[in-house]
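Q: Sequence and predicted structure, then a few things I'm wondering about:
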4 protein chains.
Amino acid sequence: MRFFSDNAAPVCPQVLEAMGKANHVDTAYDGDALSEKLDGAFSDLFGRQVRALWVTTGTAANCLGLAALCPPQGAILCHGQAHIEVDEAGAPGFFTHGAKLILLPGHGAKVTPETVEQACARIRDDVHQVQPAALSITNATEYGLSYQPDEVAALGEIAKRRGIGFHLDGARFANAAAFTGADLADLSWRAGVDVMSFGFVKNGGMNAEALIFFDPAKAAAVPRLRKRAGHLLSKGRYLAAQILAMLENDLWLANARAANQAAAALAEACGPERLVYPVEANELFVRMTSDEAASLIGQGFDFYDWGPGEVRFVTSWNQDMAAVAKLAAAIRAL
Amino acid sequence: MRFFSDNAAPVCPQVLEAMGKANHVDTAYDGDALSEKLDGAFSDLFGRQVRALWVTTGTAANCLGLAALCPPQGAILCHGQAHIEVDEAGAPGFFTHGAKLILLPGHGAKVTPETVEQACARIRDDVHQVQPAALSITNATEYGLSYQPDEVAALGEIAKRRGIGFHLDGARFANAAAFTGADLADLSWRAGVDVMSFGFVKNGGMNAEALIFFDPAKAAAVPRLRKRAGHLLSKGRYLAAQILAMLENDLWLANARAANQAAAALAEACGPERLVYPVEANELFVRMTSDEAASLIGQGFDFYDWGPGEVRFVTSWNQDMAAVAKLAAAIRAL
Amino acid sequence: MRFFSDNAAPVCPQVLEAMGKANHVDTAYDGDALSEKLDGAFSDLFGRQVRALWVTTGTAANCLGLAALCPPQGAILCHGQAHIEVDEAGAPGFFTHGAKLILLPGHGAKVTPETVEQACARIRDDVHQVQPAALSITNATEYGLSYQPDEVAALGEIAKRRGIGFHLDGARFANAAAFTGADLADLSWRAGVDVMSFGFVKNGGMNAEALIFFDPAKAAAVPRLRKRAGHLLSKGRYLAAQILAMLENDLWLANARAANQAAAALAEACGPERLVYPVEANELFVRMTSDEAASLIGQGFDFYDWGPGEVRFVTSWNQDMAAVAKLAAAIRAL
Amino acid sequence: MRFFSDNAAPVCPQVLEAMGKANHVDTAYDGDALSEKLDGAFSDLFGRQVRALWVTTGTAANCLGLAALCPPQGAILCHGQAHIEVDEAGAPGFFTHGAKLILLPGHGAKVTPETVEQACARIRDDVHQVQPAALSITNATEYGLSYQPDEVAALGEIAKRRGIGFHLDGARFANAAAFTGADLADLSWRAGVDVMSFGFVKNGGMNAEALIFFDPAKAAAVPRLRKRAGHLLSKGRYLAAQILAMLENDLWLANARAANQAAAALAEACGPERLVYPVEANELFVRMTSDEAASLIGQGFDFYDWGPGEVRFVTSWNQDMAAVAKLAAAIRAL
């Protein structure tokens, strides 16, 4: 029974079906009928004219977005546990040609106005020190916390005041939206976000993520950067098909809700003492002795060893609720 | 009736089917059972231990390969009409961190020992001039010519003698293999090729190309470079499935033969006066007045206007032979 | 008797003296009194408000200037024999993060409106092809030809019409100014030049060149880029002192005239048959058999073997006119 | 009376004199007689065959050295207050093409075996995380602490065991050598250092620093990288002359001793309560109220405001000992 990673989950049937339906002749690259629908579909979703491009990975989406906001000589403020810092193999440095990440502290990988201001205050405004050009947050965070709209807006205000860009890593944006129930606009552009990645792969997609610019002008160079990075697929219609299928009837939201619900059931079983962070998306970081963990493994549960005394469970869009109930019971029985 | 681009063609049913079969839980990234079969499958195909990685585009495959051969301060010798020079938006400069392309002349985008030697002879071996670190050829070329094994070997010998790497852009390698009937080893490692991209997308695949290192040691850093470039997909099994389906029963070869056959039929209809280059793969560059071209368009044929007095036809793995016959007749009737 | 390179010449006494005078405590980097005079001094010289920065090499000056005009995904149009292409070890690729040089043909390394237009016409305006972002010329050219103001202006007009930047490599700008007798404004900003390097090292300086922006706004990021490239010297006053000494009483012009005069004397001795290019600065490219060259070497003359049947003579600001007369006589006697 | 920065100090007379003596015709770039002496001179100094190159700034020296040790996809371990992190405008990111700095904590900008091991222990050895490729320390540190030979050796041992490079920023290496009295070999290669910058500019030089490779093989690409970064001066002899003058009769050591002696006198005046760090080179970080600082400024002393409650004094090779005595008295009188 797998609780290891949402990347391990299969692809949603509606997505596969849409890819099959796209299997006919069409214009190459992103000139096809499906790819051309993306701007409109996301503009509808966010209630504002946006520019939306498909890419195959969250890393590419994040780093193309950051490259649009931050010049090589600039810096990106982000949490020290941010995916762009910890798990993208230095991709931000590659895409931005060497821009610097300035790492912020904070519980649960969450960025706060205070940590941003403190970091900025330490930087002399002279030619010797790298100046911040962008702020990046992840919602839901790498530790499964969701920002509320007002939290995002408080950060957006700082970004605006300081004249720096605001990027949102939305690998699990669907889970944050499902958890908060917030208006997508309030979680993004109305809160000052300039560019975001909107993840689908962890949520039932195969290999299509969206990169969304709330100010289309900021996206001007991005189609070239995407091609230059080898990310302009020649048969892009199969990516667009995935995304459109996920958007149809808010499948993305239903999937995220299902994953969150499974996580919530496990969270309840864990109880507050075991939980390192509140569970506000589809990830649980749980205090557990190695004996306890071994016992769960022995019962057929598969999860991530998160270092001494801690494990991680991740639930997926198609998590088997019977298995969830079994794991919940097993945790309670520890 | 479409003769515009092989990128416009649909995906082969066997490929789609294999992707559907892969739709179950498995390890993320390239740790899944299918991805782990790639090294073996290509080692069997080429008769030698190789390292094979999936990527989603030919541009990514080529440029990761070139980055493994050429340092930022080096140069890559290639034809002035090479795809890496003309149609990859500067991706080689991005992936190599600014290495230089030294452009060679030659009919039909074909590189010859003479042009390589002449280019090298012009370079002073001092610190002021960028020194060649790699040679890159495309087989079949951007103008539909196929290198024979001895032609590749003659270039490989120069590369070896000069101590530089040898890269092969194999976006249409299948078509060259089908045309020449040569042993794949003779077209690649036995002829001195160090690294090649092996294209599937133009030949019935969806979004999976293979990057093949004939000396696995040269690939040491490439998995990291792939991740750093945002090209490590989290559900890589759907790429591996495509490639394995294409290799099974030499589907790749059957598809290429079909495309070549359609092209040959058109070539015969054109006759030598119209053909700018001999047709040795699935592309035709044809002399044609704008009136003639207009007449074909009027009859429902779709193709690429290749500048004054010239058009391009490309045939695909699933080219409708009835349409080919119609186009052949229409050309004859011009 | 040396005619090998103007880089071999010593430093002008006025320059050395000025450096000695600067040898007192002052603010570090470019905050000192001398460095702060540069903007004003060059604004006076060019008759327009400019931003001027010292750097230590022409390569750094050129490439910082190009980086200010051309993004990583852009291209720089330049002559195939341009110093930035041939003799800067790929520095433009380094400073621009992989921008491409598009090479133009033309006699004597001279760029013409026709070659620029032809190169641009070959580029499709799509995402697959790198788009020109800047035009770069060298005055005097690498083969000792000087552009007249109207020639520069014709190129500047194209740059303006196409919306691309215009860079001038002025390693031997002094020699071109001396030869043409033109107003410096007419050779630069009035002819559309956006940024130029103004060389002093080949003309009697030690290690200070000027990088000049005719639109100070275009220079906004350059002080940071200079620091980031390790080119912000901590005791910059010794560079500023050199440049100011060269500007004082038009020493730069007197030095260039002296070098040009020596070259003109040799040109007369050579006669038109021997000269590969007209002599319009301080370099001569001269047809000469290897026997003839050997004879001159035997008589104690030192010069550059420019390949089969050709030699190069370069004259310097302090060229000994007696030695010039001897070489002229020796050439006549061949 | 200046205690602001050692960059503000003038150039040593012996250095200026040597530059004047070099003012004759010689081979360009680094082919001149003086530049060719550098390898030998530093080999003698360090008791081992080394490769030594001049560059004009410490930033360039450090970053060329780091680029030789760390690939774009690698990481450099350094202190969070290291000059390469704090005061080089992101130059390491530029020269290494985006390698990452992993920041270590520690008092007085000093790196310890513990902090290195802890940082390494946090890194998973997989393709998603950037792997350390080099360790960098500064001796004397940015806060004026000197590493003893055994401290360097303990770090060198870790670097060796982990198979990563070891870089030493020696902007004030002379001061550390003077303070410790240690054998230069024990402070460098014998302690495992692979490459170091050896600073002269803060110690009486004008604009010449040395970049020293203890394994000449590791320097193989560096002359090209130096040129590519615009750091190969065409009249390099004036840099070599500076360095050779500093080495002659250990002028570098005498100058550093003088600066250290002035700092020691001030340190005694401050007493341990005021000193934030022990004074082991030529910098003092001193606790002082803003009233106290204002009083000193009022008495004509010039120094750096190091944030609330702290000031920095730096002494130079030519510090006027009478002024030092006055400042010492003034501090005592506070």
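A: Sure, I can see it. Quick caveat, the model's predicted, so the values are computed rather than measured.

Q: What parts of the stretch 51-200 of chain A come near chain C?
A: Proximity of the stretch 51-200 of chain A to chain C is confined to A:71-73, A:97, A:127-128, A:131 under the rule Cβ under 8 Å from any Cβ of the partner chain. Using the backbone N, CA and C atoms, a C-beta is placed for each residue, glycine as well.

Q: In strands, which of those residues fall?
A: Using DSSP state E, the subset of those located in strands is residue A:131.

Q: which of the residues of the stretch 51-200 of chain A next to chain C lies closest to residue B:229?
A: Of all these, residue B:229 sits closest to residue A:97, with 13.1 Å by Cβ to Cβ.

Q: Looking at the residues of the stretch 51-200 of chain A next to chain C, state which has the most neighbours.
A: The most crowded member of these, judged by other Cβ atoms under 10 Å in any protein chain shown, is residue A:73 (26 neighbours).

Q: Please name the nearest non-neighbouring residue to that residue.
A: In this structure, residue A:73 finds its nearest non-sequential neighbour in residue C:224, 4.9 Å apart by Cβ to Cβ, 6 or more residues apart in numbering or on different chains.

Q: What about that neighbour, how many residues nearby?
A: 22.

Q: Could you give the backbone dihedrals for it?
A: phi -70, psi -40 (degrees, to the nearest 10).

Q: before we move on, back to that, can you tell me which of the residues of the stretch 51-200 of chain A next to chain C lies nearest to chain B?
A: Comparing these against chain B with Cβ to the nearest Cβ places residue A:97 closest, at 8.5 Å.

Q: Hmm, the closest one is touching residue A:70, no?
A: No: counting by Cβ atoms under 8 Å, residue A:97 stays clear of residue A:70, with 9.7 Å between them.

Q: any bit of the lowest-mean-pLDDT helix or strand in chain A sitting next to chain D?
A: When the helices and strands of chain A are scored by mean pLDDT, DSSP states H and E, strand A:304-305 comes last with a mean of 94. No: on the criterion Cβ under 8 Å from any Cβ, strand A:304-305 is out of touch with chain D, staying 11.4 Å away.

Q: Stretch A:198-206 now?
A: No: judged by Cβ under 8 Å from any Cβ, stretch A:198-206 stays clear of chain D, getting no closer than 14.9 Å.

Q: Show me what the host helix or strand of residue A:311 pairs with in its sheet, parallel or antiparallel.
A: Using DSSP states H and E, residue A:311 sits in strand A:310-314. Strand A:310-314 has the following strand partners under DSSP bridges: strand A:283-287 (antiparallel), strand A:304-305 (antiparallel).

Q: Show me where the stretch 51-200 of chain A has its strands.
A: Remark: strands assigned in the stretch 51-200 of chain A by DSSP state E, counting those that start in this stretch are A:51-55, A:74-79, A:100-104, A:131-138, A:165-170, A:195-198.

Q: Mind putting these into a markdown table with mean pLDDT?
A: Below are those laid out as a markdown table (pLDDT from 0 to 100):
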| stretch | mean pLDDT |
| --- | --- |
| strand A:51-55 | 98 |
| strand A:74-79 | 98 |
| strand A:100-104 | 98 |
| strand A:131-138 | 98 |
| strand A:165-170 | 98 |
| strand A:195-198 | 98 |
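
Q: before we move on, back to that, dump the residues of the stretch 51-200 of chain A next to chain C to TSV, plus distance to residue D:310.
A: Formatted as TSV, these follow (distance: Cβ to Cβ, whole Å):
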residue	distance to residue D:310
A:71	33
A:72	33
A:73	29
A:97	36
A:127	23
A:128	19
A:131	23
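
Q: Now the two most distant members of the residues of the stretch 51-200 of chain A next to chain C.
A: Distances among those were taken as Cβ to Cβ; the most separated pair is A:97 and A:128, at 19.3 Å.
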